[in-house]
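> okay, here's the prediction I keep looking at, along with the sequence it came from:
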Amino acid sequence: MEESPNASKLSAAAHKPGRRKTSVWDRNTMKGKMKLSNFEGLTPMKEECSSKTTAKIKFLNTYRLEPYNKFQDQLVRDKAQAILTNKLQQAKYDAISSPSLCASLSEEILKATKEMGFDRYKYVVTVLIVEKAGQAINVASRWVWDVQRDTWVSAKCETETFIALALIMACYYE
């Protein structure tokens, strides 16, 4: 039986204790080879590593469970109350324009809340406009809630024809 030169090299290295086995492939013959794509149906392409690409920077975990600038209920409540009263002082209830008014008010309150700079919070702002017709109203919400870190604020504006209620939920985000 005839042995290949690589086989004799392997068998010789295997007999010497404490030495690492050598590879079947010779390093000198593999240096000039380029890696080819093995996807069927496409012509082989040379894979190159571009030096122009930048790696995404990864930051270590801080394991910080509290924000540096904690959410302050009273500041947000006062700002939301001011926005509601400024925008709705002279307004009359209109069922057609109320949804767009609610959307613009919630966006404005969200923007003002974000500008206050409370770190590590995500916000949900809802505005509800209800016509005064001698009825009672109950508003309920359900959330998966962290009692220690999450909070909410409400602001109310009442005019002759309607009641506007804004709810701002601040959810702590690690």
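Structure's in. What do you need?
> which SS state does W143 fall under?
Under DSSP: H, G, I helix; E, B strand; the rest coil, W143 falls in the coil class.
> tell me where the chain has strands.
121-131, 151-158, 162-172 (DSSP state E).
> in CSV: those, plus distance to S141, mean pLDDT and mean neighbour count.
(Each C-beta comes from the backbone N, C-alpha and C, glycine too.) Shown next, in CSV, are those (distance: least, CB to CB, whole Å; pLDDT from 0 to 100; neighbours: other CB atoms under 10 Å):
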stretch, distance to S141, mean pLDDT, mean neighbour count
strand 121-131, 8, 95, 17
strand 151-158, 8, 95, 18
strand 162-172, 7, 95, 20
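> dump those to a markdown table, plus distance to A80.
Below are the strands of the chain laid out as a markdown table (distance: least, CB to CB, whole Å):
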| stretch | distance to A80 |
| --- | --- |
| strand 121-131 | 8 |
| strand 151-158 | 4 |
| strand 162-172 | 5 |
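> R120 reaches D150, doesn't it?
No. Between R120 and D150 there is no contact under CB atoms under 8 Å: 11.3 Å.
> remind me which residues of this structure are low pLDDT?
1-18, 21-53 (pLDDT under 70).
> that older thread, mind checking which of the strands of the chain is nearest T85?
Closest approach to T85 among the strands of the chain is made by strand 151-158 (5.4 Å; CB to CB).
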